[in-house]
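K.L.:
could you work out the structure for the sequence below:
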Amino acid sequence: MAVLRKSDLLARYNAAQSTLFEEYREKQWASNSLNEVFESFSFTETYDIFLSHAYSDARIVKQIRDMLLKQGYSVYVDWIEDNQLNRDHVSEYTATVLRNRMDHCSSLIYLTSVSASRSVWMPWELGYMDARTRRVAVAPIMEDDEEFEGREYLGLYPYLDLTSDNFYVQRGIGTWVTLKDWMKGENPKKYT
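P.N.:
Numbering: from 1, shown residues only. Down below sits the predicted model:
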């Protein structure tokens, strides 16, 4: 099974960069460039995918988002689309904005990683979207020597797989559907 390997995603991210910044400079650059985009943003815009993640995985999140955008999907990432949200001061406003965004998304991809296990927002986002759309997939971000076995409630959901440059949603070995077909409402099927 070709799950999302952290080293592969970071290599793709680095290859896509014309200039590599130190991580703190990269975040500063991203924040400044995203402020420019914010002014033209619509709060009623719809998205194919809400990308639930831990901010400490920002480079991986950006790489996956870019790959999904390249395949024609619209993707919501909070620190890109809603840079006005203050991560140091979470409030009822934060929850209202995120709920509104999820209401305008067709599905959720849950990027699970070591960092994600410490997030208090991600399980809330997962539960909200599962109840609202039932279109939830887990994207395990694995180290090279790890295998994905699911984790408690995450094992209830299909998982996102990257083979070559194509995304699939799987339920296990031989049970899959393309991401495009999954987005249309199809569920993974058994192939022999």
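K.L.:
look up how far N166 lies from S115.
P.N.:
26 Å (Cβ to Cβ, to the nearest Å). Bear in mind the C-beta positions are built from the backbone N, C-alpha and C, glycine included.
K.L.:
looking at the two, which one has more neighbours?
P.N.:
S115 (17 against 13; other Cβ atoms under 10 Å).
K.L.:
distance of the residue nearest to the more buried one when sequence neighbours are not counted relative to V61?
P.N.:
Nearest in space to S115, with sequence neighbours left out and distances taken as Cβ to Cβ, 6 or more residues apart in numbering, is A54 at 3.8 Å. Going from A54 to V61 by Cβ to Cβ gives 8 Å.
K.L.:
shared neighbours of these two, which are they?
P.N.:
Shared contacts of A54 and V61 (Cβ atoms under 8 Å, 6 or more residues apart in numbering): L111.
K.L.:
which one's more surrounded, the two?
P.N.:
V61 (25 against 20).
K.L.:
let's verify the more buried one: helix, strand, or coil?
P.N.:
helix (DSSP: H, G, I helix; E, B strand; the rest coil).
K.L.:
so it touches M67, yeah?
P.N.:
No. Using Cβ atoms under 8 Å, V61 is not in contact with M67; the gap is 10.9 Å.
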